[in-house]
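A.B. asks: model this:
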Amino acid sequence: MNNIFFKIVGTIAFLMMHGMLFAQQAKVEMADVFREEGKIYVVIGVFVIIMIVLFIYLFMMDRKIRQLENQIKEED
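C.D. replies: Presented below is the predicted three-dimensional model:
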């Protein structure tokens, strides 16, 4: 399970870095407005909170699945 977790995290990190490289080439008016008004920090903060909650949820699900797998192995 840990191997799958690291593959998912690695893929997400790669896609985020890939997106950042191409985002610097494009001019996005909405991002400029958010930056000027200081709202970009709110957007980034909400995104970070969502990602943290998602990773915590995945970690807890991984632990529960691992416990269930161990129970099944013990019953056999």
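
A.B. asks: hey, where'd the helices end up in the chain?
C.D. replies: For the chain, applying DSSP state H gives helices covering 2-23, 29-37, 40-75.

A.B. asks: got JSON lines for those helices, with mean neighbour count and mean pLDDT too?
C.D. replies: In short, each C-beta sits where N, CA and C put it, glycine included. Output for those, formatted as JSON lines (neighbours: other Cβ atoms under 10 Å; pLDDT from 0 to 100):
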{"stretch": "helix 2-23", "mean neighbour count": "10", "mean pLDDT": "72"}
{"stretch": "helix 29-37", "mean neighbour count": "11", "mean pLDDT": "76"}
{"stretch": "helix 40-75", "mean neighbour count": "11", "mean pLDDT": "93"}
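
A.B. asks: neighbouring contacts of stretch 35-43?
C.D. replies: Outside stretch 35-43, the residues that touch it by Cβ atoms under 8 Å, 6 or more residues apart in numbering are A31, V33, F34.

A.B. asks: spatially central residue in this protein, please.
C.D. replies: For the chain, the residue nearest the mean C-alpha position is M51 (4.2 Å; Cα atoms, centre = their mean).

A.B. asks: from E36, how far out is that residue?
C.D. replies: Relative to E36, M51 is positioned 25 Å away (criterion: Cβ to Cβ, to the nearest Å).

A.B. asks: can you check D62 too?
C.D. replies: Counting by Cβ to Cβ, the gap from D62 to E36 is 41 Å.

A.B. asks: what does F14 give?
C.D. replies: With distances taken as Cβ to Cβ, F14 is found 30 Å from E36.

A.B. asks: cool, and V46?
C.D. replies: Per Cβ to Cβ, V46 is found 19 Å from E36.

A.B. asks: go on, M30?
C.D. replies: Counting by Cβ to Cβ - M30 and E36 are separated by 11 Å.

A.B. asks: for R63, same thing?
C.D. replies: Distance from R63 to E36, by Cβ to Cβ: 44 Å.

A.B. asks: ok, F55 next?
C.D. replies: With Cβ to Cβ as the criterion, F55 and E36 are 31 Å apart.

A.B. asks: then V9?
C.D. replies: As judged by Cβ to Cβ, V9 and E36 stand 33 Å apart.

A.B. asks: same question for L54.
C.D. replies: Distance of L54 to E36, given as Cβ to Cβ: 30 Å.
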